[in-house]
Each structure stands twice: as structure tokens, then as C-alpha cells.
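>>> Sequence first, then the predicted structure:
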Amino acid sequence: MNRLSGLCIILPLCVMVTGCAGFRGGWESAAYIDGTAPAAPQRQRSAEGPELNLPGLNLHVGIDNRLQTYDTQIFFGLPLSVDPRNLYPKNRRPGKTRVFVDVTPQTGGFVFRPLLASLVIGSTHYPAVRGFEFGMWDAEGQQTNTGGVWDHRDVGGGVSLTEPHKRYRLSLEFDIPVPSPKSPDILLDLSRALQDLGSVGDPPLPLIRFAPVKWEEGYT
């Protein structure tokens, strides 16, 4: 069963319960490394990018360039409105691009130096201008489990990833508008920005590539 057929079954059920539902979709960039490009042109919406398993660490990488190209609302089984506008619902800062990099290191020797990362679009290299770590922070700027504020904290020149098997929620900001998710020519270079300083002789991280994929979801 394809996704559209599935939505045709699910949406009427939602409408019976709530009276109003809809479906929307568009394009997004899916991260991969050489030899692991997404095979299907369409996939369901995911809360995070696919996992990339690399020597010494696991990564989830995503760009805030999800493009919504349609939004159809249905009221009691009948199309109520169709919104054909192109929107970037995940891009919070127009004119900027945010790349989210969740890192789970297997050792405690990794360091994240965001200003050494670059985003390559076509043949042009764009260096990262800021790096962040998401977590709960207290009034002194230290991570805490309770009583703090959830926020993306600027890590400046870098931060050490000292806890093996902990998932670090990091991100990079680039001073460019979001690239089109329909482009197959987007690369992320973390070879100098994410390194295991405790390991000698390991090859640098490979280039992370992005493939254009379609997404679609139903909602109530």
C-alpha cells in the first residue's frame, strides 16, 4: 500500500472522530554517506534523520530546510481548502541555515569545534558561524537535570564530548538562506569539526551528503 492510499484510509477515520483533518507534504533533505543513499523517493515523516553509523560514533543529521509545498484540509470528507504556498516550517531564522547534529560517541575523546565545519552547496563552501548544544541549563550556564531552562547554548569555539554513549544534541548555524531540499548537491564537512583526540591514525569523518526526498503526513 502506498502512502497516499494509507492516508485515504486514515483520514476518513480521523474525520469521523473530529470532523476536520488534512494532509500536507513536500520535500526535505535526507542525510547519508557514500553507498547509503535513500532508495525510495518518498518516506514518512520522521522526528529525526536516519542514523549514520561511523567508526567511534553514531550521528543523526538534519537541515531545517523541510519544504512544505501543499496543505489540504478536509471537513467531513470534503476538501475545505488547499494551500499551495511554499513554506519552510522548521526554519526559525530567515536568512540562516541550521544543521542539527546529534552525536553519540563510543569514547570520551571526541571534541566538537563548530567553526571548523562547512556546508558545501554546489561548488561553494560556507563555514559555520556558530555552534550550539541543546539541553537544560541552570542560571550559571551548567547542565542540570531539574530546575533549569531548555535552550540551545552557544558553545563558542568548541566543547568536549566526554561521556561515552551519551547523546549530545548539537547544531551548526550558517549565514546563508536554507538551500533547496530538491538539490542533490548539498554536503556537510565535519572532518575537522568532530574529531576523536584520543585516537591516533583514524581517518577523518567522511563527507555527509543529502538526497532530496518527498514527505507527506496526515493530521487532525
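Yes, it's here.

>>> for this protein, what are the low-confidence residue spans?
Along the chain, the parts satisfying pLDDT under 70 run over 1-20, 38-49, 76-84.

>>> most centrally placed residue in it?
Centre of the chain computed as the mean C-alpha position; nearest residue by Cα atoms, centre = their mean is residue 62, 2.0 Å away.

>>> which element is that residue on?
If you go by DSSP states H and E, residue 62 is part of strand 57-63.

>>> Okay, buried residues for the next helix or strand after that strand please.
Next helix or strand after strand 57-63 toward the C-terminus (DSSP H and E): strand 67-75. Neighbour-count burial for strand 67-75, with 16 or more other Cβ atoms under 10 Å as criterion, is recorded at 67-68, 71-74. C-betas here are computed from N, CA, C, even on glycine.

>>> what's the closest of those residues to residue 214?
Using Cβ to Cβ, residue 67 is the member of these that lies nearest residue 214, at 10.1 Å.

>>> you'd agree that closest one is up against residue 28?
Yes - with contact defined as Cβ atoms under 8 Å, residue 67 reaches residue 28; the gap is 6.8 Å.

>>> Pull up the overlap in contacts between the two.
Here residue 67 and residue 28 share the contacting residues residue 181, scored by Cβ atoms under 8 Å, 6 or more residues apart in numbering.

>>> does the residue nearest to residue 175 when sequence neighbours are not counted belong to a helix or a strand, and which?
Leaving aside its chain neighbours, residue 175 sits nearest to residue 129 (4.9 Å; criterion: Cβ to Cβ, 6 or more residues apart in numbering). Assigned by DSSP H and E, residue 129 belongs to strand 124-137.

>>> Show me what that strand is packed up against.
On a contact count with 3 or more Cβ pairs under 8 Å, 6 or more residues apart in numbering; DSSP states H and E, strand 124-137 meets strand 118-121, strand 149-154, strand 168-174.

>>> Neighbouring strands of the second one in the sheet, and parallel or not?
Sheet pairing here is set by DSSP bridges, and for strand 149-154 it gives strand 124-137 (antiparallel).

>>> So which residues make contact with the partner strand?
Under Cβ under 8 Å, 6+ apart, the answer for strand 124-137 is 99, 112-120, 143-146, 148-156, 158-159, 168-176, 189, 193.

>>> Any buried residues in stretch 188-197, and which?
188-191, 193-196.

>>> Just the endpoints, please. Distance across it?
The first and final residues of stretch 188-197 sit 21 Å from each other (Cα to Cα, to the nearest Å).

>>> So what touches that stretch?
31, 56-57, 61, 99, 101, 103, 105, 107, 109-120, 125, 128, 172, 202, 204-210.

>>> Over to stretch 145-162?
103, 105, 108, 110-115, 130-138, 141, 168, 170-171.

>>> Need the buried ones from those selected in ChimeraX.
To isolate the buried ones among these in ChimeraX, judged by 16+ other Cβ under 10 Å, type:
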select :103,105,110,111,112,113,114,115,130,131,132,133,135,137,168,170,171
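
>>> if we can go back for a sec, buried ones among the contacts of stretch 188-197?
Of these, these count as buried by 16+ other Cβ under 10 Å: 31, 56-57, 61, 99, 101, 103, 105, 109-120, 128, 172, 205, 208-210.
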